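Q: Output the structure for:
(chains A and B)
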Amino acid sequence: MSEVFSLAFMQRAMVVGILLGAVGGFLGTFVVQRKISFLGSGLSHAAFGGIAIGIFLGIEPMLLAIPFTLLIAVLMVFLKKKADISADTSIGILFSVAMAIGIIFLALNDNYSADAYSYLFGSILNVSVIDLWVVVTLTLVIAVAGKIHWGRWAYSTFDMELARTSKLPVETDEYVLTLLISLLIVVSIKVVGMLLLGAYLVIPAATARIVSRTFFQMSVLSIVIGAVSSIAGLILSYFVDLPSGAVIILLQAILLLVLLTAKRI
Amino acid sequence: MPDYAIKTSGLTVEFGNNIILDNINVEIENGDFVAIVGPNGSGKTTFLKALLSIVKPSSGEIKIFGKELDKIKPGEIGYVPQIKTIDRSFPANSIELVLSGVRNRWLGVKSREDKKLALHALELVGAADYARKQISELSGGQLQRVYLARCFASNPKLLLLDEPATGVDLVCESTINELIEEFNKKRGVTVLMVTHDWTAAYHHTNKVMLLNKQLIYYGNKNEAFTELNLMKTFSHLGHKHKVTFGLKSYE
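A: Alright, predicted model coming up:
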């Protein structure tokens, strides 16, 4: 067992797993309570468009995926607000358009498949030192923003209109939250993979909701579940030799099921 | 401070091509308790939301206590929304809901003073027993009391209520209306209450605003429910008002 912790790539993977699990758990509470669970899947698919353009142009895909996903995120909020389109519809429209762009750019490229597939499924064991620092920086940014703004984000998550009557910048906060979620998603794609990212954001928060009596409890518990399940899933996946992202998600789902069942009984 | 609490001049609200409020000119005095009455879709809720800056007017002007809306401080206006719009799946208890109105943010960790303040407000409305209950566990009437406590705790100068007694039983409805009336009389708070209940409007308020996109009537409650006003507002006279008010003109 101890050899697992002595391997450099495993150490990096564990730090990244804990941090992304915790941050995903934290932001996931807003996603779940705002009933925009589709956002995670939508944005991760949207990021695929940016990755495909990067592969086509022969430059680092993440460099294009970040601005591309942020742009799609802004457009999602903008469409919802200005065109009077519901959140899930605006997400549905834009992620399909971004995916279509990605597919076309991949089709124009002769040797795309290997690179593209690595983003579909992700691999936490291939995390580089640069990836690690990117994750640490993002965690710090979200932690500071969360520490300062949690009270008003939570208030507008409960009731946007009430928050507006308290003169809170509800619109700006919605853009900020969506942009932070987008950043988390782009950074997590390499680790969890595009296909599983939505669940990574939603399951810890949904699990925490089952046993929480306040939103603060839900936030703390969701962070803990996200971090602990990531590390447990990572170690388990190492020993059973299965993809870590999928193992983490399944562990989270099992915990959700156990708590749901226990609550019913 | 001016004599009026609210003054609207040419207030018009349009959603797309639909006119929701059409050229509303009204001046509501400080300390009045006003019932806003009108059929569904008459713009009652939109009127409240325009006062709260939730809905932006297409044209016209609103002044509250002589100030532009963006100069109104948080807490100066208390608001009780329609109960059906409240998200009960949110994990929160009564104390947290009350404190959100006082602190203008959601509190994760509450100090002893915060809890004391919230409990006092809940006691005032007879809701102390369910202070620590989750909002998902409260009945409609209990939740409305908590919202009232939320407003009372923040000491507003103007209180806006959107159908506060809808979905609650008759006894509870009466208690809620009495609490609001007491708040209005004891603290001198101006109150605007959207209601479908003409009886409540008649018994608890002193002014009535009849609205059907346009302002049909604003003034003393005793002169509000005339045949002409009701026909203009509802396009029919109904039955309820005959029983309640025994309008001579209609009899």
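Q: Give me the contacts around the strand or helix carrying B:Glu96.
A: When secondary structure is defined by DSSP states H and E, B:Glu96 falls within helix B:94-103. Contacts to helix B:94-103, defined as Cβ atoms under 8 Å, 6 or more residues apart in numbering or on different chains, come from residues A:151, A:155, A:158, A:162, A:166, A:214-215, B:75, B:78, B:106-107, B:110, B:114-115, B:117-119, B:121-122, B:127, B:130-133, B:135, B:138, B:146-147, B:149-151, B:153-154. (Each C-beta comes from the backbone N, C-alpha and C, glycine too.)
Q: show me where the chain has helices.
A: Picking chain A for this. According to DSSP state H, chain A carries its helices in the segments A:2-6, A:8-33, A:38-57, A:61-82, A:87-108, A:113-121, A:129-158, A:160-165, A:170-192, A:197-211, A:215-240, A:244-264.
Q: was after chain B, sorry
A: Defined through DSSP H, the helices belonging to chain B, from first to last, are B:44-51, B:94-103, B:112-124, B:140-153, B:170-187, B:198-204, B:227-234, B:240-245.
Q: got a list of what residue 82 touches?
A: No chain specified, so I'll use chain A. With contact set as Cβ under 8 Å, 6+ apart, A:Lys82 has no partners.
Q: could you do chain B instead?
A: Contact criterion Cβ under 8 Å, 6+ apart gives B:45, B:162-163, B:166 as the residues in contact with B:Gln82.
Q: go with 6 Å
A: Contacts for B:Gln82 (Cβ atoms under 6 Å, 6 or more residues apart in numbering or on different chains) come out as B:162-163.
Q: What separation is there between it and B:Thr166?
A: Taking Cβ to Cβ, to the nearest Å as the measure, B:Gln82 and B:Thr166 are separated by 7 Å.
Q: for B:Leu99, same thing?
A: To B:Thr166, B:Leu99 is 25 Å away according to Cβ to Cβ.
Q: which one of the two has more residues nearby?
A: B:Leu99 (23 against 16; other Cβ atoms under 10 Å in any protein chain shown).
Q: what about A:Thr261, neighbour count?
A: Number of residues near A:Thr261 (other Cβ under 10 Å) recorded here: 9.
Q: typo on my end, A:Ala83
A: Should you count by other Cβ under 10 Å, A:Ala83 turns out to have 10 residues around it.
Q: likewise the one 5 residues further on?
A: As a burial measure, the neighbour count of A:Asp88 was computed by other Cβ under 10 Å and equals 15.
Q: related to what we said a few turns ago, switch the helices of chain A over to TSV; also include mean pLDDT and distance to B:Val34.
A: What follows is the helices of chain A, written out as TSV (pLDDT from 0 to 100; distance: least, Cβ to Cβ, whole Å):
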stretch	mean pLDDT	distance to B:Val34
helix A:2-6	75	69
helix A:8-33	93	35
helix A:38-57	86	42
helix A:61-82	87	32
helix A:87-108	87	36
helix A:113-121	71	60
helix A:129-158	95	28
helix A:160-165	93	19
helix A:170-192	90	28
helix A:197-211	92	40
helix A:215-240	94	35
helix A:244-264	91	46
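Q: Select, out of those helices, the one closest to B:Asp70.
A: Between B:Asp70 and the helices of chain A, the tightest spacing by Cβ to Cβ is seen for helix A:160-165, at 12.2 Å.
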